[in-house]
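K.L.:
Sequence first, predicted coordinates after that:
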Amino acid sequence: MRKTTEDKRFLKTEEMVLNMGPQHPSTHGVLRLKIWTDGEIVNHIEPHLGYLHRCFEKHCESLTYEQIIPFTDRCDYLASMHMNHGYVLAVEKLLDIELPERTEYVRVIISELQRIASHLMAIGTFSLDVGGITPFTWTFRDRERILDLFETLCGARLLYNYIWIGGLSHDLPKRFLEKTTEFLDYFETQIPEYNQILTGNKIFVERTADVGIITKEVALNYGVSGPNLRASGIDWDLRKNEPYSIYDKFDFDVPLGKGTMGSIGDSWDRYYVRMLEMTESIKILRQAIGSIPSGDVNAARPKKVRPKEGEVYSRYETARGDLGIYILSKGKNMPHRLKMRSPCFCNLSVLNEISADWMISDVITILGSLDIVLGEIDR
Amino acid sequence: MNFSEIADHLNQKLADKFVIKDGLDVLFVQPENLLEVMSFLNSDKSTSFDTLLCITAYDDKILGSAYNLFSLEEKHYIEVRVEVDRDNPIIPTVESIWKAANWHEREAYDLFGIKYEGHSDLRRILLPNDWEGYPLRKDFVTPEFYNGMPVPKDKTDWE
């Protein structure tokens, strides 16, 4: 519940500083929030990062371009395929490689499966944050089926190292596409069930609608991206507006926040945009599976990765937002400087702006709706 | 607009405030002109760069800071770079134009030691507060001890 100055006038309170985290289930990792409160109302929040800092950028300067790929896995460990793909796209842009069509199709199929898995995680943990335990078990049950698919693909369940520069580590295994179609048929019947238990649930709506509104101006000013940006009503999806890979071949919509339950850009909108995006991913997957060509996926793999001098800034739409990779190359087999613009880093920086005057319990709602992964923020 | 159109447009209003070096699609700006160029790029109707995507600090003998800007309205990009002397790296902050710069500049300060003048809260963000030195500079030497704990240099004792 948001407090107005009228409410505050009758309460004699003292400012108190409260520490939330770094070990706290609702901070989604090791994040410490220093919260200045007035009674139970938040005045100001200061996030303290860096508990998971592993010097990713420093490591990159002493690793070859191929060796960096497993490190990118460990940044956003809930959407590792997106990290692989985003990084590899930047290097391919630097090397100017043209890929075989089948490779692009496989990459799109894997990326969209990963997007569904990541959004399932986001929705499940968000419902857990606001007190709904059953949806969490349901989303994890379905995410598990995607992880099983990935296991048949490359042997790993979470950290894949699957997408390589100019190719893939393996082609698709036998019956992978059939199994994916089976999963999609099953998953489509599950989405109405999620909607029944969560989307229109009165308790859920009252906890999330109108809470933590990100307006268009704030979203742009803080560089918010991904589903959080689209929930604020800004029509921007890199897959649609600046299609990389072969996304221009597929027909899909970009869901936007409409303020159905409250105002545009509230926590409920951020949840529902993810829900709708899963349906769009299914659409893309069905089209891609229907038209995938045959061929050698590794036909364009370069023998040596040694880009010429120059720099590149490439953008990629991960499940959490706009992943930017800036590479400064000096013509060696290692980057001179590699910077990862992590989407959650920017999304989290908006927290202080949107949480003021809300109660502490609402901060947990807001943090859950932003869907952050600390591995990527701290790098 | 593509890069040369933006550069031409900027040349009419802010000539001599930036340079373009051999073939790179980058505007090189002196630190004292940065705020003027950036606020023009942000507020001018035909450029309207409303989003600051990323600030990358780098060490290329001299320290530099690269700004990747994007306009959601006009759908175009530009890269602006500022290069400063490594003994006295001071760059004015662009926090007043894009709030996103706040954390990006703190990160650049943390890892490269570039001081962003006028920043509201210039502290370390990823490393602990008592860390000494700026680890992403090329001349950084890994310390032998951190708070009395030895920092392992080789992995012989690890297995």
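P.N.:
Cool, the structure landed.

K.L.:
Contact partners for the residue nearest the centre of chain B?
P.N.:
In chain B, the C-alpha nearest the mean C-alpha coordinate belongs to B:Ser65, at 2.9 Å (C-alpha atoms, centre = their mean). Contacts for B:Ser65 were tallied using C-beta atoms under 8 Å, 6 or more residues apart in numbering or on different chains; they are B:Ile55, B:Thr56, B:Ala57, B:Tyr58, B:Arg81, B:Val82, B:Glu83, B:Val84, B:Ile91, B:Ala108, B:Ile114. In this view, the C-beta of every residue, glycine as well, is placed from N, C-alpha and C.

K.L.:
Shouldn't it be within a strand?
P.N.:
Yes. If the criterion is DSSP: H, G, I helix; E, B strand; the rest coil, then B:Ser65 is within a strand.

K.L.:
do you know how far it is from chain A?
P.N.:
According to C-beta to the nearest C-beta, to the nearest Å, B:Ser65 and chain A sit 11 Å apart.

K.L.:
Give me the neighbour count for A:Asn298.
P.N.:
16 (other C-beta atoms under 10 Å in any protein chain shown).

K.L.:
Let me see the ranges of the helices in chain B.
P.N.:
B:3-13, B:34-43, B:101-112 (DSSP state H).

K.L.:
Out of those, which gets nearest to A:Arg207?
P.N.:
For the helices of chain B, proximity to A:Arg207 was assessed by C-beta to C-beta; helix B:101-112 is nearest, at 28.1 Å.

K.L.:
Is there any residue in that closest one that contacts chain A?
P.N.:
Yes. Counting by C-beta under 8 Å from any C-beta of the partner chain, chain A has neighbours in helix B:101-112: B:Asn102, B:Trp103, B:Leu111.

K.L.:
ok, of the residues you listed, which come out buried?
P.N.:
B:Asn102, B:Trp103, B:Leu111 (16 or more other C-beta atoms under 10 Å in any protein chain shown).

K.L.:
For those residues, give me JSON lines that also has pLDDT and distance to A:Gly124.
P.N.:
Below are those laid out as JSON lines (pLDDT from 0 to 100; distance: C-beta to C-beta, whole Å):
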{"residue": "B:Asn102", "pLDDT": "90", "distance to A:Gly124": "31"}
{"residue": "B:Trp103", "pLDDT": "91", "distance to A:Gly124": "28"}
{"residue": "B:Leu111", "pLDDT": "89", "distance to A:Gly124": "34"}
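
K.L.:
Put the alpha carbons of stretch A:63-72 into CSV.
P.N.:
Coordinates of each C-alpha in stretch A:63-72 appear next as CSV, following Å, rounded to 0.1, in the frame of the first residue of the first chain:
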residue,chain,number,x,y,z
LEU,A,63,41.5,-15.7,-22.8
THR,A,64,41.1,-16.4,-26.5
TYR,A,65,37.8,-15.6,-28.1
GLU,A,66,36.6,-19.2,-28.0
GLN,A,67,37.6,-19.7,-24.4
ILE,A,68,35.4,-16.8,-23.3
ILE,A,69,32.2,-18.6,-24.3
PRO,A,70,32.0,-20.8,-21.2
PHE,A,71,32.5,-17.7,-19.1
THR,A,72,29.5,-16.0,-20.6
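
K.L.:
how about it, does it reach chain B?
P.N.:
No. Among the residues of stretch A:63-72, none lie within reach of chain B under C-beta under 8 Å from any C-beta; the closest is 14.5 Å away.

K.L.:
likewise stretch A:249-266?
P.N.:
No. Interface with chain B: stretch A:249-266 contributes nothing (C-beta under 8 Å from any C-beta), its closest point being 13.6 Å away.

K.L.:
what's the first-to-last distance across that stretch?
P.N.:
32 Å (C-alpha to C-alpha, to the nearest Å).

K.L.:
So which residues make contact with that stretch?
P.N.:
Contacting residues not belonging to stretch A:249-266 are listed as A:108, A:205, A:208-216, A:219, A:230-237, A:239-240, A:268-270, A:272-273, A:276-277, A:280, A:283-284, A:287-288, A:291 [C-beta under 8 Å, 6+ apart].

K.L.:
same thing with stretch A:166-173?
P.N.:
Applying C-beta under 8 Å, 6+ apart, the external contacts of stretch A:166-173 come out as A:92, A:95, A:97, A:99, A:102-103, A:106-107, A:152-154, A:161-163, A:297-302.

K.L.:
coming back round to it: would JSON lines of the residues of helix B:101-112 next to chain A with distance to B:Asp139 be doable?
P.N.:
What follows is the residues of helix B:101-112 next to chain A, written out as JSON lines (distance: C-beta to C-beta, whole Å):
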{"residue": "B:Asn102", "distance to B:Asp139": "28"}
{"residue": "B:Trp103", "distance to B:Asp139": "26"}
{"residue": "B:Leu111", "distance to B:Asp139": "13"}
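
K.L.:
Low-confidence bits of the chain, can you list those?
P.N.:
No chain in the question, so chain A it is. Low-confidence regions of chain A, defined by pLDDT under 70, span residues A:1-13.

K.L.:
Wait, chain B was what I had in mind.
P.N.:
Applying pLDDT under 70 to chain B flags the ranges B:153-159.

K.L.:
can you list the residues of it near chain A?
P.N.:
So chain B meets chain A at B:24, B:50-54, B:56, B:58-60, B:66, B:68, B:72, B:75, B:77, B:79, B:98-100, B:102-103, B:111, B:124-128, B:135-136 (C-beta under 8 Å from any C-beta).

K.L.:
Name the residues that touch stretch A:188-206?
P.N.:
With C-beta under 8 Å, 6+ apart as the test, stretch A:188-206 has contacts from A:123, A:127, A:130-132, A:134-135, A:138-139, A:142, A:261, A:268, A:271-272, A:275, A:278-279, A:282.

K.L.:
Angles on the backbone of the residue nearest to A:Gly223 when sequence neighbours are not counted, please.
P.N.:
Nearest non-adjacent residue to A:Gly223, counting by C-beta to C-beta, 6 or more residues apart in numbering or on different chains: B:Ala100, 3.6 Å away. Note on B:Ala100: its backbone torsions stand at phi -60, psi -20 [degrees, to the nearest 10].

K.L.:
for A:Gln23, same thing?
P.N.:
Taking degrees, to the nearest 10 as the convention, A:Gln23 sits at phi -100, psi 90.

K.L.:
That one contacts A:Gly29, correct?
P.N.:
No. The pair A:Gln23 / A:Gly29 is not scored as a contact, 9.9 Å apart, by C-beta atoms under 8 Å.

K.L.:
Just want to know which of these two has more residues nearby.
P.N.:
The neighbour count for A:Gln23 versus A:Gly29, taken as other C-beta under 10 Å, is higher for A:Gly29 (19 against 10).

K.L.:
how close does the more buried one sit to chain B?
P.N.:
Distance from A:Gly29 to chain B, by C-beta to the nearest C-beta: 14 Å.

K.L.:
bridging residues for that residue?
P.N.:
In this entry, A:Gly29 is beta-bridged to A:His24, by DSSP bridges.

K.L.:
can you pull the contacts of it?
P.N.:
When contacts are counted by C-beta under 8 Å, 6+ apart, A:Gly29 touches A:Leu52, A:Ile372, A:Val373, A:Leu374, A:Gly375.

K.L.:
If we only consider the contacts of B:Ser65, which is nearest to B:Asn42?
P.N.:
B:Ile55 (14.6 Å).
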